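1. return a 3D structure for these sequence lines:
(one chain, ligands or ions: 1)
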Amino acid sequence: MNKAINETVTSDFDITKVRSDFPALDQEIYGHKLVYLDNGASTQKPRQVIDKVKQYYERDNSNVHRGIHTLSQRATDQFEAARVTVQKFINAPSDSEIIFTSGTTESINLVAHSYVRAFLKAGDEVIISAMEHHSNIVPWQLLEQQIGIKLVIAPINHNGDFLFEEFKALIGEKTKFVAITQLSNALGTITPVKEIIQAAHAVGAKVLIDGAQAIAHTHVDVQALDCDFYAFSGHKIFSPTGVGVLYGKRALLDSMPPYKGGGEMIKVVSFSGTTFNEVPHKFEAGTPNIAGVIGMAAGLDYVSELGISKIANYEHDLLEYGTQKLLTIEGLKIIGDAEHKASILSFQIDGVHASDLGTLLDHQGIAIRVGHHCAMPVMEFFGVEATARASLAFYNTKEDIDALVSAITKAVEMLK
Ligand code: PMP
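-> Have a look, this model is predicted:
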């Protein structure tokens, strides 16, 4: 992060038009224009997504895969078309490898239960990194208690870089599974997932990538990565809450037992024995979040139209601008300054409690997140209880950063 401040931060898309697509951005909070910098927690939704969900409920609302009437057909067609949209978005070989879940957390738990619980045994090792979100820590800890797998933690340094050589040294014949974030929500670190996957595959271990943060900021190609599983949430990519995706390689999904039992995931149910549906339906028990899935397809289409590489370039310049502007504030320290970084500005200010800062910023119309960001171990590593975190999206601007810096300056004066 050592480029000179880019005072212009130009986008290859029409930022005014883009902002006008997001109705929630156009409001005042405590008499100030809203500056929304909490995209790591959840993103705002464009009108295209909102309209799609509204249209579904107004015209097509019905259950999927169950009825022959027109509404059910329309709902099913849109639901299955959304699967193809996701498939294309992450370049999965087949739409049967796309499982709809309620979000990243459920996707990871699905893999924990249907793959790791089913195929690993006591003493087998699962490697995660020191900067994982709780949802990529706790499912493995539960399995540690329940079936005796051993959780191994790959280290990071005090810049927040993932230490690849140290990770490689942890890999051995006991390593059976690796679960790693592609972009840390607490630090913004981008991890070398391709190299991690290659190293894990060299010993026959399978790899899950937590793409909750990465999906909206980097181009994801699951075939180029060669990951075994990829998890993400709709709400982090301008789509509804309560919906997410698990991609898994077909052969693995076929070999895995179901995770939840119920309707939709079966072929035949009988008291003498039940047979299961094909993937992906085997993992989609019960009525899914149909409106959420259809809305998510609209969200992914929106991002595809803007172009993920244009988004990444723009956000990269904005991150550098933000980093250098924040560092002009006396006593401010950025937590996480990895060489490869995206979208997240986590910081602390000497003598200022993060939650006080968050409240005073809110009173000036600025939405950021304060706290441990569901990554308590990484906070412990940096010796802090909480940070303030501004997280960027393509609709943020240099003016948003300037507003943040000036609001922090005011807040710090008030708190001193
Ligand atoms: N992993 C990471 C890196 C995240 O940032 C988050 C959400 N903050 C999650 C997992 C969990 O996502 P969700 O709450 O949407 O299931």
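
2. the closest residue in space to His113 that isn't next to it in sequence: how many residues sit nearby?
-> In this structure, His113 finds its nearest non-sequential neighbour in Tyr259, 5.0 Å apart by Cβ to Cβ, 6 or more residues apart in numbering. Any C-beta I mention is one placed from the backbone N, CA and C, and that applies to glycine too. Neighbour count of Tyr259, defined by other Cβ atoms under 10 Å: 23.

3. same thing with the one 3 residues further on?
-> Taking other Cβ under 10 Å as the neighbour definition, Gly262 ends up with a count of 11.

4. isn't it up against Pro288?
-> No: applying Cβ atoms under 8 Å as the test, Gly262 and Pro288 come out as separate, 11.2 Å apart.

5. quick one, what contacts the residue nearest to His113?
-> 109-110, 113-114, 283, 285 (Cβ atoms under 8 Å, 6 or more residues apart in numbering).

6. what's the spacing between stretch 189-202 and its chain's center?
-> Centroid displacement of stretch 189-202 relative to its chain, using Cα atoms, centre = their mean, to the nearest Å, is 18 Å.

7. now it: buried residues?
-> 189-193, 196-197, 199-200 (16 or more other Cβ atoms under 10 Å).

8. can you name the residues in contact with that stretch?
-> 127, 129, 131, 156, 160-162, 164, 167-168, 171, 175, 178, 180-184, 206-207, 209, 214, 218, 224-227, 336, 338, 340-342.

9. and the residue of the stretch 251-400 of the chain that's closest to the ligand?
-> Cys374 (5.7 Å; Cβ to the nearest ligand atom).

10. ok, that residue touching Asn136?
-> No: Cys374 is not in contact with Asn136 according to Cβ under 8 Å; the separation is 9.8 Å.

11. the more surrounded of those two?
-> Neighbours were tallied for Cys374 and for Asn136 using other Cβ under 10 Å; the higher tally belongs to Asn136 (25 against 17).

12. and the pLDDT at the residue nearest to the more buried one when sequence neighbours are not counted?
-> Sequence neighbours aside, Asp210 is the residue nearest to Asn136 in space, at 4.7 Å (criterion: Cβ to Cβ, 6+ apart). With respect to pLDDT, Asp210 scores 98.

13. the ligand contacts on the stretch 101-250 of the chain?
-> 103-105, 133, 135-136, 181, 185, 210, 212-213, 233 (Cβ under 6 Å from any ligand atom).

14. out of those residues, which is nearest to Phe394?
-> Taking Cβ to Cβ as the measure, Gln213 is the one of those closest to Phe394, at 14.4 Å.

15. that closest one: neighbour count?
-> Count around Gln213 with other Cβ under 10 Å applied: 29.
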